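K.L.:
Quick one, fold the following:
(chains A, B and C)
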Amino acid sequence: MNRHEKRPLNLFFIEIIIALLFFSISGAVILSVFAGADKKSHDGEILESVIMFSQSVAEVYSLNGDADEAVRIVTEQCGKLDESIVLSKSEEIEESPSGTFSKLFLEFKNNEKVIYSFACAAYIQNGGSR
Amino acid sequence: MKQHKQTNAGIGVGYITVMIIFAIICLTIFAVLSYRAAGSNDALNERAGEHLNKYYEADASAKKTLYELDEIAANARNTPFFADSFESEAAKFDKVSVKTEPDGCTANFSEHINENSFIFVSVKFYENKKEYKINSWKRMSALNSDDNNINVWDGTF
Amino acid sequence: MKNYKNTADTISTVGSMMLFLLFAVCMMMIIAAAAGSYSRISDNYGTDFTALASIRYISNKIKSSDTVYITDKGMILESGAMANIIYCSGGGLYEKTVAVNSEYDVSGGEKIFDIDGMTVDETEELYTITVNVSGEKHSAIVRKGM
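P.N.:
Below is the predicted model:
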């Protein structure tokens, strides 16, 4: 009789334990999805700033054909990129008596992974026309 | 006995399960929506990046053409007939059309960005001056050009 | 003895109810946290989209126009016989198309983006476009005349 009286409460605790177990397993899966979404959102934010930065660099670079100067001006006027971003640049230069045609290649890396590659060009005439 | 059982139960069996299932459904919905929103953001940025790349590829190509045309103009200035020499050399570029003017030549060309837009460039090279003048360096919509006009019925039979 | 049993039953019932309540409150808090996280990610998407799209829109307009005038109220972009007036007012970016040389007033435009503010700084050869979206400033540079 005594055992029979305690059954509903025992059942309640057994249910809580099973429910918690089930919830913790589902919670772990859902949490990993949330973490993935959060990381993706943060990466998207970084990519957006990288795209705007690239556009600005291309515009300034077409004026002077100087990659370092272009990056400096853009950083000064539009703000710095995220500290995790590593920017590497390379240039291809073709010269003729009339002027210099140069192509700038930008590569943005985040944690050793290339997130955006970009190329732009400038033509600076020896006489001064741009 | 019956009364005793009811008070002992407190919270009936099953309520917790229903609550947990409800919470998991809610969390799953929010997680999926969050992932989709982040995915859309990523896709948007990737498309914007691709579009920017295409634009500056076309821009670089136009600048390369300008560089080559400027070199042609510089060489043409060393000949007695600037306009003829410039025109015949520039004709080697399929995309460039040249218009001769009294003081020099105007070269027009365009570079495709994508199927909907292109960069139109118009540059004037002078016979007696080293500097060129960019009359137009414009991004234009291919949908506005005459080739793509939709034939709309004008109301006459 | 019976009195003691009744007290024990009451305590266990209240205890289980408290446990249930605690459980329910925890669930509500977890769901609220998840909703908050979704709302933050969604807002972030909205902010990124508005900032990127509005800056790209303005820079494309500059690149496709013949003449650009920057005024304290906004910018006037003339292209052929038409002029676009782009201005920011009351939490939105507006655009209005009028005929060239008509009166350029900044009212009655069509809202294109929800932004808090826009500034266009002009130097000798560059425009710096800055848009303020949800308290965040986003800037880009566009070259003049090209």
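
K.L.:
Could you look up the SS state of residue 42?
P.N.:
Chain wasn't specified; assuming chain A. Put simply, A:His42 is helix when judged by DSSP: H, G, I helix; E, B strand; the rest coil.

K.L.:
my read is C:Val14 is in a strand, agree?
P.N.:
No - following the definition three-state DSSP, C:Val14 is helix and is not counted among the residues of a strand.

K.L.:
Quickly find the element holding residue 71.
P.N.:
Using chain A. Remark: A:Val71 resides in helix A:67-78, with elements defined by DSSP states H and E.

K.L.:
My question was about chain B, not that one.
P.N.:
B:Glu71 is part of helix B:15-77, with elements assigned from DSSP H and E.

K.L.:
helices or strands up against that helix?
P.N.:
Helix B:15-77 is packed against helix A:2-64, strand A:99-110, strand A:113-125, helix B:82-90, strand B:104-112, strand B:117-126, strand B:132-141, helix C:2-63, with contacts defined by 3 or more Cβ pairs under 8 Å, 6 or more residues apart in numbering or on different chains; DSSP states H and E. Glycine gets a C-beta too; all of them are placed from N, C-alpha and C.

K.L.:
Need the distance between the two termini of stretch B:128-135.
P.N.:
The first and last residues of stretch B:128-135 sit 18 Å apart, counting by Cα to Cα, to the nearest Å.

K.L.:
Give me the buried positions along it.
P.N.:
Using 16 or more other Cβ atoms under 10 Å in any protein chain shown as the test for burial, stretch B:128-135 gives B:Lys130, B:Tyr132.

K.L.:
before we move on, back to that, may I see the helices and strands packed on helix B:15-77 arranged in JSON lines, with mean pLDDT as well?
P.N.:
As requested, the helices and strands packed on helix B:15-77 are exported to JSON lines (pLDDT from 0 to 100):
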{"stretch": "helix A:2-64", "mean pLDDT": "87"}
{"stretch": "strand A:99-110", "mean pLDDT": "94"}
{"stretch": "strand A:113-125", "mean pLDDT": "93"}
{"stretch": "helix B:82-90", "mean pLDDT": "89"}
{"stretch": "strand B:104-112", "mean pLDDT": "93"}
{"stretch": "strand B:117-126", "mean pLDDT": "92"}
{"stretch": "strand B:132-141", "mean pLDDT": "89"}
{"stretch": "helix C:2-63", "mean pLDDT": "89"}
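
K.L.:
residues in contact with the spatially closest residue to B:Tyr126 that is not a sequence neighbour?
P.N.:
Nearest residue to B:Tyr126, sequence neighbours excluded (Cβ to Cβ, 6 or more residues apart in numbering or on different chains): B:Gly104, at 4.1 Å. If a contact means Cβ atoms under 8 Å, 6 or more residues apart in numbering or on different chains, then B:Gly104 has B:Phe82, B:Ala83, B:Lys124, B:Phe125, B:Tyr126, B:Glu127, B:Lys129 as its contacts.

K.L.:
Just the closest of these to chain C, please.
P.N.:
B:Lys124 (14.1 Å; Cβ to the nearest Cβ).

K.L.:
Noted, bye for now.
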